[in-house]
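In: Prediction below, plus the sequence it came from.
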Amino acid sequence: MKHTSFSDILSKFDFDAYYQTLNDVSVHDIHTALNQKKFSLKNFIALISPGASKFLPLLLNESASVTRKRFGNVIQLFAPIYLSNECQNICTYCGFSFTNKIPRKTLTKAELAKEAEFLKKKGFEHVLLVTGEAQKSVGMEYFMNALDVFIPLFSSVAMEVQPLEETDYRLLHQRGVYSILVYQETYIRSTYAKVHPKGKKSNFEFRLECPERVCNAGMHHCGLGVLIGLDDWRLDSLLCAMHLDFLQKKYWQTRFSVSFPRIRPAEGVDIHPSVFSHKELAQLMAAYRICFPDLEITLSTRESPHIRDQILSYGVTHMSAESKTHPGGYTQGDALEQFHTDDHRTLEEIKESIRKKGLDPMMKNWFASEIY
């Protein structure tokens, strides 16, 4: 008997019914969602609806209350480390896209060690390893060699790389990787095909089923998200929330997170993202927190210092700091970025802004010895 996958659920999604429900959201529906604090299509749609924007202070207060009860006052800080900008995919929104004529760089083991040592001295204990998709130069052999550098130094290591097979994720899990992040970019098939015209990433189904392979491999944590600006943010976010709900029910042992990356300017990229306001970002974050109380929520340096300071109290649990988005960015700076960040503050400045909100910036994962 074939097990149901999220691909099966997505193929049966009724888009007409979604738009009808969105148009019919009432004040009663919004208050019901606030009171129930659990995911259902109707509840999530109510909280991200245009009508719910009138109740944004109420949503944010409820989101903050749920977050403090579940996560306390802690904001965990991490840094991304870009290992390579080589990529065989054409993605119309990405600075690493195959046709983009930029200098390509894959860090050697010695260069990886320099990046790791720099961030370790800064005080970081959580790192996210990022690469483009280039199987020959940046495949499993490269990953395992890189982990020889990072695993001994940091409390937790996460990875955001090309979708892999389940057997590969098992090897990474056994090596000590804590988390895999895999963003679908968009759940709208027609849009996905348009912005991924060439390369392995053009395989919508393989990417869509990646989180299930991650969870089947026993990984402790899996991160989801969509690239906001590619299509209707409400629809894409609802489908991502449905995906999350499916995974939480099927893989209850796994922890999950969601992030809200929006399209940012990048070298060689000419794309006009759909409008997504800062208030809508806050509303979306609150909707996720209210419907998924145990969900970790990440806010990256794609957002401005002002926006990050404004909304970090209302639902955020994880934040990146001092991010560099190109290989060797912390110690070399000789390759172009995947995208331009918007928050350029130092780690200490970010920590101070968190403290001013009455929250506690955390650098250390005290539970690492229990995980491995």
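Out: All right, it came through fine. Residues are numbered from 1 along each chain as shown.
In: give the contact list for the closest residue to H196 other than its chain neighbours.
Out: Sequence neighbours aside, S202 is the residue nearest to H196 in space, at 4.5 Å (criterion: CB to CB, 6 or more residues apart in numbering). To be clear about C-beta, it is placed using only N, CA and C from the backbone, and glycine gets the same treatment. Neighbour list for S202: N89, A193, H196 [criterion: CB atoms under 8 Å, 6 or more residues apart in numbering].
In: Any chance of those in a markdown table with secondary structure as columns?
Out: Shown next, in a markdown table, are these (DSSP: H, G, I helix; E, B strand; the rest coil):
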| residue | secondary structure |
| --- | --- |
| N89 | coil |
| A193 | helix |
| H196 | coil |
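In: tell me which residues in the longest strand belonging to the chain are buried?
Out: Secondary structure of the chain per DSSP state E: the longest strand is strand 74-84. With burial defined by 16 or more other CB atoms under 10 Å, the residues of strand 74-84 counted as buried are I75, Q76, L77, F78, A79, P80, I81, Y82, L83, S84.
In: Kindly report the same for stretch 313-332.
Out: Quick answer for stretch 313-332 (16+ other CB under 10 Å): 313-331.
In: pLDDT averaged over that stretch - what is it?
Out: Computed over stretch 313-332, the mean pLDDT rounds to 92.
In: quick one: low-confidence parts of this structure?
Out: 1-2, 265-274, 333-341, 365-372 (pLDDT under 70).
In: Give me the residue at the spatial middle of it.
Out: Most central in the chain under CA atoms, centre = their mean is S259, positioned 3.7 Å from the mean C-alpha point.
In: ok, that one touching V226?
Out: No: S259 is beyond contact range of V226, at 9.2 Å (criterion: CB atoms under 8 Å).
In: What count of nearby residues applies to H344?
Out: Residues near H344, counting by other CB atoms under 10 Å, number 12.
In: likewise K357?
Out: There are 14 residues near K357, going by other CB under 10 Å.
In: In the chain, where's the longest helix?
Out: Longest helix in the chain, counting residues (DSSP state H): helix 233-250.
In: Relative to R213, how far out is Q135?
Out: Using CB to CB, to the nearest Å, one obtains 16 Å as the distance from Q135 to R213.
In: neighbour count winner among these two?
Out: The neighbour comparison of Q135 against R213 (other CB under 10 Å) goes to R213, with 21 against 13.
In: And the host helix or strand of the more buried one, what does it pack against?
Out: Assigned by DSSP states H and E, R213 falls within helix 210-216. In terms of contacts (3 or more CB pairs under 8 Å, 6 or more residues apart in numbering; DSSP states H and E), helix 210-216 is packed against helix 166-175, strand 221-225, helix 233-250.
In: what about those, which gets the closest to S5?
Out: Between S5 and the helices and strands packed on helix 210-216, the shortest gap by CB to CB is with helix 233-250, which sits at 8.6 Å.
In: about what we covered before: tell me which of the helices and strands packed on helix 210-216 is the most buried.
Out: Ranked by mean neighbour count under mean count of other CB atoms under 10 Å, the helices and strands packed on helix 210-216 are led by strand 221-225, which reaches a mean of 22.
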